[in-house]
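> Next comes the sequence, and after it the predicted model I'd like to discuss.
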Amino acid sequence: MSKRAAALCGAVAVLAGTLSAAPAQAGAAAPAPAAHLTWKTCGTTDYPTLQCASLKVPLDHARPDGRQITLALSRVPHTAPAYQGPLLVNPGGPGGSGLTLAGFVASSLPKSVAAQYDVIGFDPRGVGRSSPALDCKPGQFAPVRPDSVPATGALEQANLRRATSFAAACGRKYADLLPYMDTVSAVRDMDAIRRALGAPKLNYFGYSYGTYLGAVYAKLHPERVRRLVLDSIVDPTGVWYDDNLTQDLAFNDRHRALMAWIAKYDATYHLGTDPARVEAKWYAMRAALAKKPAGGKVGASELEDTFIPGGYYNGYWPYLAEAFAAYATKKDTAPLVEAYENFGAVDASGDNGYSVYTAVQCRDASWPRDWRQWRKDNWAVYEKAPFMAWNNAWYNAPCAFWPATARRPVHVANAELPPVLLFQATNDAATPYRGGATVHRLLARSSLVVEQGGGNHGITLSGNACLDRYLSAYLASGTVPRGRGPVDAVCAALPDPKPLGTKEASSGSRGSALHGLLGFRG
């Protein structure tokens, strides 16, 4: 729910070249004629070689001559004589913009490896600079929202009104689009990108939800996959209701890991040395904010929004700890409001991301339509894992009332692929470890690299040299590790951060840059 990194493709109209399209594939439903891509410079200070283009694709791929929508694309062109084709990258979500991610990936890989690929980013249908871009109900997360925990009937009804009104607003504004906002349609778009690039096969690198997107592409088009990298892996057997309930348990564990980290540095934060007592102080802060929001902005629900990113990336822990300590020890609300604005507040791009998130997840698979089922399941989870249970439930609750009918999830089991490389941290909260193990089992020729003890979500190109060596070797030559057990290779996790201002504190610039692009909830 953070402010996602803006996609900085400018409007400088300098022609950078065109790519001829591949011929259309034969089949029962012939795709639209492949398009030419006109690339224009849109470089930024960080990524000066970035180029941008747009591609028209059918809204309904079963009707290639029907209504067209536009996808925004980016690329960092290859520079080496040995060209390995396009490497399509996706940051997850659903709802994440991939335009800037292309620049990040190209600059973070070893130069000799990145130079062999056209690194291609894209805004999936409905996202960011693609058109039309969804925004069902601007300001859906404007503070102060009702307390997420429905301890009274009035609170439950207030939260239900928010969920139902959001679903209804999406139906009113986008009735013509919602039936085509789903993972399979996005996969068809990816194949249209491949054809427009003139590539017989795709290389693909996806984080988070992007792992499901990649696995579905591989299922529908196994003969068009050259290399496939999946980092922080969605459990495809729980799409999406069960996956969200599983998340709640894992996020509670990560929140407790943060509480233990704060207790370890009691000399800095003065919140106590017992993690359980530190956690009790956090919930006392939550209760106080439910009665009197900090700065008129940070109530109980906004506090959860602020701390949930700490479950994705421990580089945020020092900032969250300082905000917590300032409030709990000095009743100073300013650092907490600043932390909310940095990590929890939702801007216009966040409204767009949430609109696409709900549109895709609610369409991808069936969700319970009887609210009593949600109430029963989420109270059961809350009893074990209170930190995020109800916040996450309300985030997804529009799916109980969604105006478009649901598809069936794609069974991604696949024995037709070349070697595939998987990365998974053992303590990842957003996509718990079971997802990586499941996909490793379902993809017959996959290799699983595990970050032992790691709790971050999105672990390659984030500072762990061991993981990045496996990634680079695979992209350079197709080499994958092969172990004898359920895991093919193990890398130790990076150490947790130090408090701000200490001699050992590290900026973690690569990790922060990556997680700014991946965003949260994906």
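It's in. Numbers count the residues shown, from 1 in each chain.
> Can you tell me how far Gln247 is from Trp402?
As judged by CB to CB, to the nearest Å, Gln247 and Trp402 stand 20 Å apart. From N, CA and C alone the C-beta is placed, and that goes for glycine too.
> Which one of those two is surrounded by more residues?
The residue with more neighbours, out of Gln247 and Trp402, is Gln247; 25 against 21, by other CB atoms under 10 Å.
> Run through the residues that contact the more buried one.
Applying CB atoms under 8 Å, 6 or more residues apart in numbering to Gln247 gives the contacts 388, 392, 429-430, 432.
> Next, it: secondary structure please.
Under the three-state scheme (DSSP: H, G, I helix; E, B strand; the rest coil), the conformation of Gln247 reads as helix.
> any weak-confidence spans in the chain?
Low-confidence segments of the chain (pLDDT under 70): 1-34, 504-508, 520-522.
> Apply 80 and report the result again.
Applying pLDDT under 80 to the chain flags residues 1-35, 503-508, 519-522.
> residues contacting Ala114?
Neighbours of Ala114 in contact, by CB under 8 Å, 6+ apart: 76, 105-107.
> Would you map the strands across the stretch 51-200 of the chain?
Using DSSP state E, counting those that start in this stretch, the strands of the stretch 51-200 of the chain run over 51-58, 68-76, 86-90, 118-123.
> can the contacts of Ala114 go into JSON lines with extra columns for neighbour count?
JSON lines is the format used below for the contacts of Ala114 (neighbours: other CB atoms under 10 Å):
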{"residue": "Val76", "neighbour count": "25"}
{"residue": "Val105", "neighbour count": "25"}
{"residue": "Ala106", "neighbour count": "27"}
{"residue": "Ser107", "neighbour count": "19"}
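> Looking at the residues you listed, which one is closest to Pro409?
The closest of the contacts of Ala114 to Pro409 turns out to be Val105 (CB to CB; 27.8 Å).
> returning to that earlier point: ok, the contacts of Ala114 vs Phe205, which is closest?
Nearest member of those to Phe205, counting by CB to CB, is Val105, at 6.7 Å.
> residues in contact with that closest one?
87, 89, 114, 119, 205, 461.
> Could you rerun that using 6 Å?
Contacts here follow CB atoms under 6 Å, 6 or more residues apart in numbering; on that basis Val105 touches 89, 119.
> buried sites along stretch 334-349?
335-340, 342-346, 349 (16 or more other CB atoms under 10 Å).
> follow-up on the earlier one: of the contacts of Gln247, which belong to helices?
Asn392 (DSSP state H).
> re earlier: reformat the strands of the stretch 51-200 of the chain as CSV; add distance to Val239.
Below are the strands of the stretch 51-200 of the chain laid out as CSV (distance: least, CB to CB, whole Å):
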stretch, distance to Val239
strand 51-58, 23
strand 68-76, 23
strand 86-90, 16
strand 118-123, 22
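> re earlier: make CSV out of the buried residues of stretch 334-349 and add distance to Thr329 and secondary structure.
Converted to CSV, the buried residues of stretch 334-349 look like this (distance: CB to CB, whole Å; DSSP: H, G, I helix; E, B strand; the rest coil):
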residue, distance to Thr329, secondary structure
Pro335, 11, helix
Leu336, 12, helix
Val337, 16, helix
Glu338, 17, helix
Ala339, 15, helix
Tyr340, 18, helix
Asn342, 21, helix
Phe343, 21, helix
Gly344, 21, helix
Ala345, 24, coil
Val346, 29, coil
Ser349, 35, helix
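> Go through the residues you listed and name the one nearest Ser509.
Asn342 (16.0 Å).
> How about that closest one: what's its closest non-neighbour residue?
Of all residues not flanking Asn342 in the chain, Tyr319 sits nearest, at 7.2 Å (CB to CB, 6 or more residues apart in numbering).
> what's the burial count for the one you found?
Counted with other CB under 10 Å, Tyr319 comes out at 19.
> Which element, helix or strand, includes it?
Element membership of Tyr319 [criterion: DSSP states H and E] is helix 317-330.
> gap between that helix and the chain center?
Relative to the centre of its chain, helix 317-330 is centred 26 Å away, using CA atoms, centre = their mean, to the nearest Å.
> So which other helices or strands are in contact with that helix?
Helix 317-330 sits against helix 241-264, helix 275-291, helix 334-339, with contacts defined as 3 or more CB pairs under 6 Å, 6 or more residues apart in numbering; DSSP states H and E.
> Could you tell me which of the contacts of Ala114 belong to helices?
Going by DSSP H, the helices hold 105-107 from these.
> would you turn the residues you listed into CSV with distance to Ser366?
Listed next are these as CSV, based on distance: CB to CB, whole Å:
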residue, distance to Ser366
Val105, 34
Ala106, 39
Ser107, 41
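> In contact with Pro94, which residues?
By CB under 6 Å, 6+ apart, the contact set of Pro94 is 209, 356-357, 360.
> Show me what counts as buried in stretch 213-220.
Across stretch 213-220, burial judged by 16+ other CB under 10 Å covers 213-219.
> And the helix or strand hosting Glu302, what does it pack against?
Glu302 is part of helix 300-307, with elements assigned from DSSP H and E. Judged by 3+ CB pairs under 6 Å, 6+ apart, helix 300-307 is in contact with helix 275-291.
> Tell me the gap between the helix it packs on and the middle of its chain.
28 Å.
> Please work out the angle formed by the directions of it and helix 241-264.
Orientation of helix 275-291 against helix 241-264 (axes from the mean of the first three to the mean of the last three CA atoms, to 10 degrees) gives an angle of 110 degrees.
> the inter-axis angle of helix 275-291 versus helix 317-330?
70 degrees.
> hmm, back to that, closest one of the contacts of Gln247 to Glu416?
Proximity of the contacts of Gln247 to Glu416, judged by CB to CB, is greatest for Pro432, which lies at 27.3 Å.
> tell me, how many neighbours does the closest residue in space to that closest one that isn't next to it in sequence end up with?
Spatial nearest neighbour of Pro432, chain neighbours left out: Ala250 (4.5 Å); criterion: CB to CB, 6+ apart. The tally of other residues near Ala250 (other CB under 10 Å) stands at 22.
> isn't Ala250 right next to Ala429, touching?
Yes. Applying CB atoms under 6 Å, one finds Ala250 in contact with Ala429, separated by 4.0 Å.
> Can you pull the residues that touch both of the two?
Counting by CB under 6 Å, 6+ apart, no residue touches both Ala250 and Ala429.
> Check which residues of the helix holding Tyr319 are buried.
Buried residues in helix 317-330, counting neighbours by 16+ other CB under 10 Å, are found at 317-328.
> same question, stretch 44-52
47, 49-52.
> I figured Ile233 hits His440, correct?
No. The pair Ile233 / His440 is not scored as a contact, 8.4 Å apart, by CB under 6 Å.
> These two: which has the busier surroundings?
Remark: of Ile233 and His440, Ile233 carries more neighbours, 30 against 21, as counted by other CB under 10 Å.
> Just say helix, strand or coil for that one.
Per three-state DSSP, Ile233 ends up coil.
> element containing the residue lying closest to Met190 once chain neighbours are set aside?
With sequence-adjacent residues excluded and distances taken as CB to CB, 6+ apart, Met190 is closest to Tyr217, at 5.5 Å. Element membership for Tyr217, per DSSP H and E: helix 209-220.
> That helix packs against which elements?
The contact analysis (3+ CB pairs under 6 Å, 6+ apart) places helix 209-220 against helix 183-196, strand 202-207, strand 225-231.
> List the buried residues of the helix or strand harbouring Leu514.
Secondary structure from DSSP H and E places Leu514 in helix 509-518. For helix 509-518, the neighbour count (16+ other CB under 10 Å) marks 510-511, 513-518 as buried.
> With stretch 273-291 instead?
Quick answer for stretch 273-291 (16+ other CB under 10 Å): 275, 278-279, 281-282, 285-286, 288-290.
> How about residues contacting it?
The contact list for stretch 273-291, computed with CB under 6 Å, 6+ apart, reads 147, 259-260, 262-263, 266, 271-272, 298-300, 303, 327-328.
> Render the CA-only coordinates of that stretch in CSV, please.
The C-alpha coordinates for stretch 273-291 follow below in CSV (Å, rounded to 0.1, in the frame of the first residue of the first chain):
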residue,chain,number,x,y,z
THR,A,273,14.5,-6.4,26.4
ASP,A,274,11.6,-8.8,26.4
PRO,A,275,10.1,-9.2,22.9
ALA,A,276,6.7,-10.1,24.3
ARG,A,277,6.6,-6.9,26.4
VAL,A,278,7.7,-4.8,23.4
GLU,A,279,4.9,-6.4,21.4
ALA,A,280,2.4,-5.5,24.2
LYS,A,281,3.5,-1.9,24.0
TRP,A,282,3.0,-1.9,20.2
TYR,A,283,-0.6,-3.1,20.7
ALA,A,284,-1.1,-0.5,23.5
MET,A,285,0.0,2.1,20.9
ARG,A,286,-2.5,0.7,18.5
ALA,A,287,-5.3,0.9,21.0
ALA,A,288,-4.4,4.5,21.8
LEU,A,289,-4.3,5.5,18.2
ALA,A,290,-7.8,3.9,17.6
LYS,A,291,-9.1,6.5,20.1
